[in-house]
Structures are given as structure tokens and as C-alpha cells.
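Chemist: 3D, please:
(chains A and B)
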Amino acid sequence: MVPFAGYDMPVQYAAGVLKEHLQTRTGAGLFDVSHMGQMTLRAKSGKVEDAALALERLVPQDILALPPGRQRYAQFTSAAGGILDDLMVANFGDHLFLVVNAACKDADEAHLRAYLSDTCVIETLPDRALIALQGPKAAEILAAFCPEAPEMRFMDAGSHQVHGIACFVSRSGYTGEDGYEISVPADRAEALAGALLEAGVGAIGLGARDSLRLEAGLCLYGHDIDTTTTPVEAGLSWSIQKSRRSGGARAGGFLGAEKILAQLDHGAPRKRIGLQPEGRAPVREGALLFTDTTSTNSIGSVTSGGFGPSLGGPLAMGYLPTDHAADGTIVFAELRGQRLPMRVSPMPFVPHSYKR
Amino acid sequence: MTTLFTEDHEWLDIDGDVVTVGITDYAQSQLGDVVFVELPKVGRALKKAEAAAVVESVKAASDVYAPITGEVVEINEALAAEPALVNSDAESKAWFFKIKIADKSELDGLMDAEAYKTHTA
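Modeler: This next block holds a predicted model:
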């Protein structure tokens, strides 16, 4: 067990990181992600459209066009264009449901209250646990507990009975695999988790959660993205819809819009990239990147790195100047006094298998 | 041949003036799945307690320290191709390196199997 954002979290269960990782890619894995923050946003007017418009002041995403029963990836941005947190936003028909990072949840709540209290009611849901069920067998297994589950598409979200318990279910996750995230009342979480484990799902710890998301090219807040990185630099421009960009129906109007729109229009000076070491040694977070084996000025750094069990080799992500960020570019990471070549590689390292 | 253990979870097989060094089964169980091992170069002069090798598991990188002063005379090339040997056979096939002992008195104070068992209990 290790401390993580104020929680004691298991790095691995008995199977170990490698087996847990592979079980998630080939079967199904269960992740207790109850440390994450869950909250609802309701407009005082009662209209979900008003809650959506209010939230659009804090995120560069189009929330108004998010239909009921759908979820979208978003970022809270700062006035300087950095990322305060990344989150999921779901339209539950009459309100919005948000899932945020554990380490940021108090700050996120304060942020929402500071900006949106005039028009919205913000409610945190500390009495709900969150369970992720991930892997190619997730749909088949969950069908026994929630018959509607297999009919959901990637990023569908709504209220469903699971094992006779009133849950919020989304078809999404943080592994690159098909799967679900299930928000369940905390006092029923153990019963649900127990039933899923009995159905043949493996318990997966933080270690495999990290290697799975790294292979999937997904950002970890506080490492690959933070207040010093913009969504454009982080390679998250795909998550910013046209309506919020220059020339769009509701262009700008969010914190940091000036910088973020300018980067969307004219490019960013640096970029988050995937990296594959040419050798076998894993290169981890913090390693500095250089253009060659002798230069003294680093041009970037690794923000996440380790070993990809499905990839069968080391992998990393980091930031490089845009003119050094083309796929195939060789850069050198400093590791234990040596400069090791790494190749800029497209992400994801392992293809996503979402059910769109 | 005598086998001794360090507090840093290395084992030493002493054969005349050459010692074979590896990490213990207890150490590999704590590290988890090993994916990479970096060994010292043959001929390198190591000082006792100096970082001599690196073991990378899926979780983290860990240093392996020279348990004794001396020169590296052989390294286990098999670990480069099959780092998982450290998990499957830590105290035999997955030896790391052999050192020609400079000063045998440095072996004093290392643990025998019994004492090491108590140390990890």
C-alpha cells in the first residue's frame, strides 16, 4: 500500500503489476478508483443548458452540445491557459455529473463555487464509490449485472441498476480498453466489487493502472499535464470543439482563452510526445532530453515513463520543442550519467479498443 | 563454498578470492516483475557500498550496491536477454556479477542464511 492523494492505495495485488496489466488487456480488470472526486452541477434555473453554459466559462469544451446520456473529456483551465485539472463531464438530463482527480477535488470544488455559485448549485458526492471495470470481457461480464450495459456506446453515461443497486454508469475508462466506470453508493460498493470479482474479474492496482494508461497515451494529471502546460501543448486540441475555437459560435469565453485560442490558431512552442527508448532501459519521469550526446542544454524532459507489458518494452511521454517533435526524431535522455537514444513515437503505443 | 547475505538483500557466494553476487529471493519478491538489469563493466573497480548495478521492475528502479571492494571479473550476460530470471531464479541462475575480493576482512559482519532469515522476518 502507498499513500496517494490522501488515500492508502494498493500498487499491486497478489498477481503483480505485469499479470494485472495483461489480464486487463485480455480479460477484465477491476479498479477501485473511489478516491476520485464526483460532483454534480445544477443550474438554479433548473435547466441543464444553463449549467452547461456556466461550466463553459471554466473549460474550453462545448458542453452545451453534449446530449443527455453522453459524456465528454474536458479540462479546467487557468487564466494563464494552463490546466488546473482534467475531468469527465456527463449530461444526466437535468444536471451535469463531473468526475475529477483526487488530488485536485477540493481545489476544483472551490473553483466551481468561486465562479459558478451565482447561477449553479455544486454538490460533492463523497458517499459514492467509483469502480472501473476494464477490458475486452468487461461488457460480457457486466451484462449479467446490468443488461443494458452492452448496448451502451463509448462515452454513453446514465443511471442504471447494476446488481440491483442504483448506479451511474459510463462506458469509458483510463486503460485504452473497452470498459465502464460505475459510480455506486459507498455502502454498496463492496457488494458490487465482490460480485464482479467472483464473476472472474481480476483486482488491479495503481501500478498496472499507470502502465495501461501510459500505453494508451493518456495523460496523468500532475505529471504529463499541470498548470504549466496548455491543452494545446499537451496534445489535447482534439478535445476542444470547433464551437469554442476562433470563429466558432461560442468562441473563447473560458479562462485562458486568449493563450489557448492563439496556440490553436498559430501553433504551440512545445508539444507532448510519445518516446520509445532504443534500448531496453526504462526512462522515467524527470529525465532530461537533449538533441545529442554532448550538448549541455536540455530541450525537454520525460513526464511519465516505465515499461509497457503489452508493448513488451520501455515507453515514455514528455515534452519537446515543436521543431523536434516529429515522429521518428531521435533525442537523448540522460540516465545515470549516460545519454540514451529515444525515438519520438506516435501515441497510443497500444491501439485503443473503444466500442464507438 | 559459503553463502553470506547483506542488509541490502544481496547474496554472496564465496569461492576462494572470487565472490558471486545477486539479489535475494526476498528482494525480487519486493521489487515485483523485473524488466531490465544494468550491470557494471568487466574490469570496473568497485568500492564497498558503491552503486554497482540497477534493477528495474515495472514499479521502480533500484540500485544494487557492491557488497565488497574489488574488481568485476565477470557479469551475467543472460540477464540482458531475460531480466525475468531475477524473479524466477534469484539465488542461482540470476547472479549479477563476480568480484575479485580485495580485502577479505570486509566479509566480517555479513549475515549467514539463518541471520538473514531473521532479518527479513
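
Chemist: per-residue pLDDT of residue A:1, please?
Modeler: Reading off the confidence values, residue A:1 has pLDDT 76.

Chemist: from chain B, how far out is it?
Modeler: With distances taken as CB to the nearest CB, to the nearest Å, residue A:1 is found 13 Å from chain B. C-beta coordinates here come from the backbone N, C-alpha and C atoms, glycine included.

Chemist: so what's that residue closest to, chain neighbours aside?
Modeler: residue A:8 (4.7 Å; CB to CB, 6 or more residues apart in numbering or on different chains).

Chemist: what element comes up after whichever helix or strand residue A:130 is part of heading to the C-terminus?
Modeler: According to DSSP states H and E, residue A:130 maps onto strand A:128-134. Per DSSP H and E, the first helix or strand lying C-terminal to strand A:128-134 is helix A:138-143.

Chemist: what about the helices in the chain?
Modeler: Since no chain was named, I'll use chain A. Assigned helices in chain A, in chain order: A:17-26, A:48-55, A:105-116, A:138-143, A:186-198, A:206-215, A:257-266 (criterion: DSSP state H).

Chemist: sorry, should have said chain B
Modeler: Using DSSP H, helices in chain B cover B:25-31, B:78-81, B:85-88, B:113-120.

Chemist: for those helices, which one sits closest to residue B:10?
Modeler: Nearest of these to residue B:10, taken as CB to CB: helix B:25-31 at 7.6 Å.

Chemist: contacting residues around that closest one?
Modeler: By CB atoms under 8 Å, 6 or more residues apart in numbering or on different chains, the residues outside helix B:25-31 that reach it are B:9-10, B:23, B:34, B:55, B:57, B:59-60, B:62, B:86-87, B:90-91, B:94, B:120.

Chemist: just the pLDDT at the nearest residue to residue A:32 once chain neighbours are set aside, thanks.
Modeler: Excluding the flanking residues, the one nearest residue A:32 by CB to CB, 6+ apart is residue A:131, at 6.3 Å. For residue A:131, the pLDDT comes out at 98.

Chemist: tell me the bridge partners for residue A:131.
Modeler: residue A:32, residue A:182 (DSSP bridges).

Chemist: separation between it and residue A:14?
Modeler: To residue A:14, residue A:131 is 19 Å away according to CB to CB, to the nearest Å.

Chemist: now the residue nearest the centre of chain B: closest residue in space, sequence neighbours ignored.
Modeler: Compute the mean C-alpha point of chain B, and by CA atoms, centre = their mean the closest residue is residue B:22, 2.6 Å away. Of all residues beyond its chain neighbours, the one nearest residue B:22 is residue B:95 (4.3 Å), with distances taken as CB to CB, 6+ apart.

Chemist: contacts only, for the one you found.
Modeler: Neighbours of residue B:95 in contact, by CB under 8 Å, 6+ apart: B:13, B:20, B:21, B:22, B:76.

Chemist: I'd say the fourth one and residue B:90 touch.
Modeler: Yes: checked against CB atoms under 8 Å, the pair residue B:22 and residue B:90 is within contact range at 6.3 Å.

Chemist: on that earlier part again, what count of nearby residues applies to the residue nearest to residue A:32?
Modeler: Using other CB atoms under 10 Å in any protein chain shown, residue A:131 has 21 neighbouring residues.

Chemist: so how many other residues sit close to residue A:148?
Modeler: Residues within reach of residue A:148, counting by other CB under 10 Å, total 14.

Chemist: pretty sure it contacts residue A:160?
Modeler: Yes: in this structure residue A:148 lies within contact range of residue A:160 using CB under 8 Å: 5.8 Å.

Chemist: against chain B, how distant is residue A:76?
Modeler: The gap separating residue A:76 from chain B is 30 Å, by CB to the nearest CB.

Chemist: quick check, pLDDT for the nearest residue to that residue once chain neighbours are set aside.
Modeler: Leaving aside its chain neighbours, residue A:76 sits nearest to residue A:84 (4.1 Å; criterion: CB to CB, 6+ apart). pLDDT for residue A:84: 98.

Chemist: which residues touch residue A:84?
Modeler: A:75, A:76, A:77, A:78, A:104, A:107, A:108, A:111, A:227.

Chemist: can you pull the residues of chain B lying near chain A?
Modeler: Counting by CB under 8 Å from any CB of the partner chain, chain B comes close to chain A at B:32-33, B:35-36, B:38, B:54, B:56-61, B:80, B:83.

Chemist: buried subset of the residues you listed?
Modeler: Listed as buried from those are B:32, B:33, B:35, B:36, B:38, B:54, B:56, B:57, B:58, B:59, B:61, B:83; burial here means 16 or more other CB atoms under 10 Å in any protein chain shown.

Chemist: which pLDDT value goes with the residue of chain A positioned farthest from its centre?
Modeler: Relative to the mean C-alpha coordinate of chain A, counting by CA atoms, centre = their mean, the farthest residue is residue A:294 (36.1 Å). pLDDT recorded at residue A:294 is 96.

Chemist: what about the residue nearest to residue B:45 when sequence neighbours are not counted, neighbour count?
Modeler: The spatially closest residue to residue B:45, leaving aside those adjacent along the chain, is residue B:71, at 5.4 Å (CB to CB, 6+ apart). Using other CB under 10 Å, residue B:71 has 15 other residues around it.

Chemist: could you tell me the end-to-end distance of stretch A:299-317?
Modeler: 14 Å (CA to CA, to the nearest Å).
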